[in-house]
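Student: Can you look at this prediction? I've put the sequence above it.
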Amino acid sequence: MKKILLTLTLTILTLNADIENGKDVYAQNCGNCHRIDMKGGDGKDFNIVSYTRKKEDVIKYVTNPAKTFKEFGYNANAMPKLPLSKQEIKDVSEYIDSLQKFKKWMIK
């Protein structure tokens with residue numbers, strides 16, 4: 001039952017999400033701080049984010065980083081509020097999620 005609810009929740013959250021558009025949103029808005037090649041950067045590498053965070057977490061944080069940074073374990077907010085639409089945030093969260101096939105919460 002829990003698996004079914006989780007699957008339904010993820011399906012609803014990613015409805016109409018577009019990985020290719022998310023890749024473009026990343027390149028235009030996120031790539032200056034967040035790398036995807038494990039070679040450093042000002043922000044966390046998105047491969048690590050993809051492994052440790054759920055899409056819902058990415059959406060929540062990107063939507064309002066100043067309000068949620070403590071909830072995500074940060075001492076200060078270094079992430080700016082980006083002028084992204086809800087669809088662009090969904091798309092970039094889908095792209096980030098696609099970077100790692102296996103997730104931390106999959107480990108038993």
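Tutor: Thanks, I have it.
Student: what's the residue closest to the geometric middle of the protein?
Tutor: The residue lying closest to the centre of the chain (Cα atoms, centre = their mean) is residue 58, at 3.3 Å.
Student: ok, now which ones touch it?
Tutor: Residue 58 is in contact with 49, 89, 92-93, 96-97, counting by Cβ atoms under 8 Å, 6 or more residues apart in numbering. (C-beta placed from N, C-alpha, C; glycine too.)
Student: same thing with residue 20?
Tutor: Residue 20 neighbours (Cβ under 8 Å, 6+ apart): none.
Student: one more time with 10 Å, if that's ok
Tutor: When contacts are counted by Cβ atoms under 10 Å, 6 or more residues apart in numbering, residue 20 touches 91, 94-95.
Student: How about residue 29?
Tutor: Residue 29 neighbours (Cβ under 10 Å, 6+ apart): 62, 80, 82-84, 88, 92.
Student: Looking at these, which one is closest to residue 22?
Tutor: residue 92 (4.4 Å; Cβ to Cβ).
Student: Tell me how far stretch 26-44 lies from the chain's centre.
Tutor: 12 Å (Cα atoms, centre = their mean, to the nearest Å).
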